[in-house]
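> Mind looking at a prediction? Sequence and model below.
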Amino acid sequence: MNEAEFTQWESEYSVGVTEVDVQNRELMDLINDLINCSLKNRTEVKKYTKKILSKAKLHVANNFAAEEKILAKTKYAKLADHKAEHKNLLAKLKNIRADLDNREVDVNYFTLSVSLKEWLLSHIILYDKNAKDFFMEVGKGSM
């Protein structure tokens, strides 16, 4: 089966800081992997989904820490809201993984994957892009 790219990085998603942009692109890649995995056989999907969710949670935590560090340096007024959004997704990822680990839940893996994709895109557009000027204060390119 060919791997499809369900979401692609667009220049409009850039916040102008290489580290954050690269991390967001890598999250898109993980979500594309998860969506592709969801289209495979059910036994393989559950195991692979757990693996990708663990990797995504770690990646997301690192991405969020980098964003929050930059925004704190620039005294971003909406930092508390931005951090709350980050905390909500980390809790969601933790709960999804716990559900998969602790019991046999009937999960629609494709729906789960697509909802994570939608969350990422809306986070970039509604939160990261609104903070772009503050990200840019740190300077273009890597930090």
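Now that the structure is in, tell me what you want to look at. Numbering: from 1, shown residues only.

> From here on, just use CA atoms for contacts and neighbour counts.
OK.

> Name the nearest residue to V114, sequence neighbours excluded.
Using Cα to Cα, 6 or more residues apart in numbering and skipping residues adjacent in sequence, the residue nearest V114 is I35, 6.8 Å away.

> Which residues are in contact with that neighbour?
When contacts are counted by Cα atoms under 8 Å, 6 or more residues apart in numbering, I35 touches 6, 109-110, 113-114.

> possible to save these as CSV with pLDDT and neighbour count?
Output for the contacts of I35, formatted as CSV (pLDDT from 0 to 100; neighbours: other Cα atoms under 10 Å):
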residue, pLDDT, neighbour count
F6, 75, 14
Y109, 76, 20
F110, 78, 17
S113, 81, 22
V114, 82, 18
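
> Make TSV from the residues you listed and add distance to L27 and secondary structure to it.
Listed next are those as TSV, based on distance: Cα to Cα, whole Å; DSSP: H, G, I helix; E, B strand; the rest coil:
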residue	distance to L27	secondary structure
F6	12	coil
Y109	17	helix
F110	16	helix
S113	12	helix
V114	13	helix
